[in-house]
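Peer 1: Build the 3D model from these lines:
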Amino acid sequence: YSTVDTPEALSALASRLRQVSCFALDTETTSTEAMQARLVGVSFAAAKGEAYYVPVGHDERLHPGRQLPAELVVESLGPILADPRICKVCHNAMFDLIVLQRHGMPVQGLTVDTMIAAWLLEPEARGIGLKNQAFQRLGVEMTNISDLIGTGRNQMTMDQVSIARVSPYACADADMTLRLVDVLRPELEERNQWRLLTDLEMPLLPVLMRMEMHGMAVDADYLREMSAEISQRLFDLERQIHQQAGHRFNISSTKQ
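Peer 2: Okay, here's the model as predicted:
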């Protein structure tokens, strides 16, 4: 795991990412709200066990240290992220793609979202987060984010954590994401779900991303009319139920 904090290291990373057929990426931000979060850093995994963290938004007043100007990172890595010929994988890609696009680095060429892949295999499961998937499928116990930013009143944002502490955490996120692809793909292929992921779910993701970023038009008057119509239908059905039962009762009550 390496921290990319010099122009020379950034140039070397850009060259490395152009060499691989596919890489994983992840973002560190100040918030879990993609449309409000500020970018703190980006991590990349070029191969299993080989990951890089590029800090851009740590608070230098709290933790002085070398980090690269965002403009330089955009100039160097932006074209690679926007190249559809270079395969990328993410975990919970919607968040990362929105944050990166807002910061001048739109992503194309996303082929796998390991969170969606895990959900397809177990739609009823709750443990589709990266930490849970790494533990369940790879046997790796990852550092919890609360170990870095704390909890409750003492909780801070990621930009307030030192680069030295965030870097291995961020690198591990990208590394485990890349490793999960090799585990999830055979399971999906065995259940004939791989094409469901690649042909339906992944092409839909950019559409949902644009909807989340730009919103959608709603015909409020039509919805009000529909609500009134449905309320009347429910009232009529309840009256029919009472007639058939021979008396009134609370149809929402399981016991009654």
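
Peer 1: I'd assumed Asp147 was in a helix, is it?
Peer 2: Yes: when DSSP: H, G, I helix; E, B strand; the rest coil is applied, Asp147 is found to be in a helix.

Peer 1: if I look at it, how far off is Tyr169?
Peer 2: 8 Å (C-beta to C-beta, to the nearest Å). For glycine as for every other residue, the C-beta is placed from the backbone atoms N, C-alpha and C.

Peer 1: Between the two, which has more neighbouring residues?
Peer 2: Tyr169 (21 against 11; other C-beta atoms under 10 Å).

Peer 1: Skipping its backbone neighbours, what lies nearest the more buried one in space?
Peer 2: Residue nearest to Tyr169 in three dimensions, not counting chain neighbours: Thr143, with 5.4 Å by C-beta to C-beta, 6 or more residues apart in numbering.

Peer 1: these two touch, right, that neighbour and Ser167?
Peer 2: No: taking contacts as C-beta atoms under 8 Å, Thr143 lies outside contact range of Ser167: 11.7 Å.

Peer 1: Nearest to the middle of this protein, which residue? Look it up for me.
Peer 2: With distances taken as C-alpha atoms, centre = their mean, the residue of the chain nearest its centroid is Asn92 (2.3 Å).

Peer 1: For that one, which residues are in contact?
Peer 2: Applying C-beta atoms under 8 Å, 6 or more residues apart in numbering, we find Asn92 in contact with 113, 115, 130.

Peer 1: need the contact list for the second one.
Peer 2: Neighbouring residues of Met115 by C-beta under 8 Å, 6+ apart: 91-93, 128-130, 133.

Peer 1: Quick check: the gap between Met94 and Gly104.
Peer 2: Counting by C-beta to C-beta, the gap from Met94 to Gly104 is 18 Å.

Peer 1: ok, the nearest residue to Ala172 once chain neighbours are set aside - how many residues close by?
Peer 2: Distances taken as C-beta to C-beta, 6+ apart put Met142 closest to Ala172, at 5.8 Å, once the chain neighbours are dropped. Neighbour count for Met142, taken as other C-beta under 10 Å: 19.

Peer 1: From here on, call the first residue 688.
Peer 2: From this message on, residue numbering opens at 688, which makes the last subject Met829.

Peer 1: Distance of Met829 relative to Arg748?
Peer 2: Applying C-beta to C-beta to Met829 and Arg748 gives a distance of 29 Å.

Peer 1: what's the answer for Leu726, then?
Peer 2: 18 Å.

Peer 1: Between the two, which is the more surrounded one?
Peer 2: Comparing Leu726 with Arg748 by neighbour count (other C-beta under 10 Å), the higher total belongs to Leu726, at 24 against 7.

Peer 1: hey, what's that one bridged with?
Peer 2: Taking DSSP bridges, one finds Thr716 as the beta-bridge partners of Leu726.

Peer 1: Check whether the residue nearest to Tyr856 sits in a helix, strand or coil.
Peer 2: coil.

Peer 1: Could you identify which of the contacts of Met802 has the most neighbours?
Peer 2: For these, counting by other C-beta under 10 Å, the largest number of neighbours falls to His778: 29 neighbours.

Peer 1: Low-confidence stretches in the protein?
Peer 2: Residue ranges of the chain with pLDDT under 70: 750-752.

Peer 1: mind listing the strands for it?
Peer 2: 689-690, 709-716, 726-734, 737-742, 774-777, 797-800 (DSSP state E).
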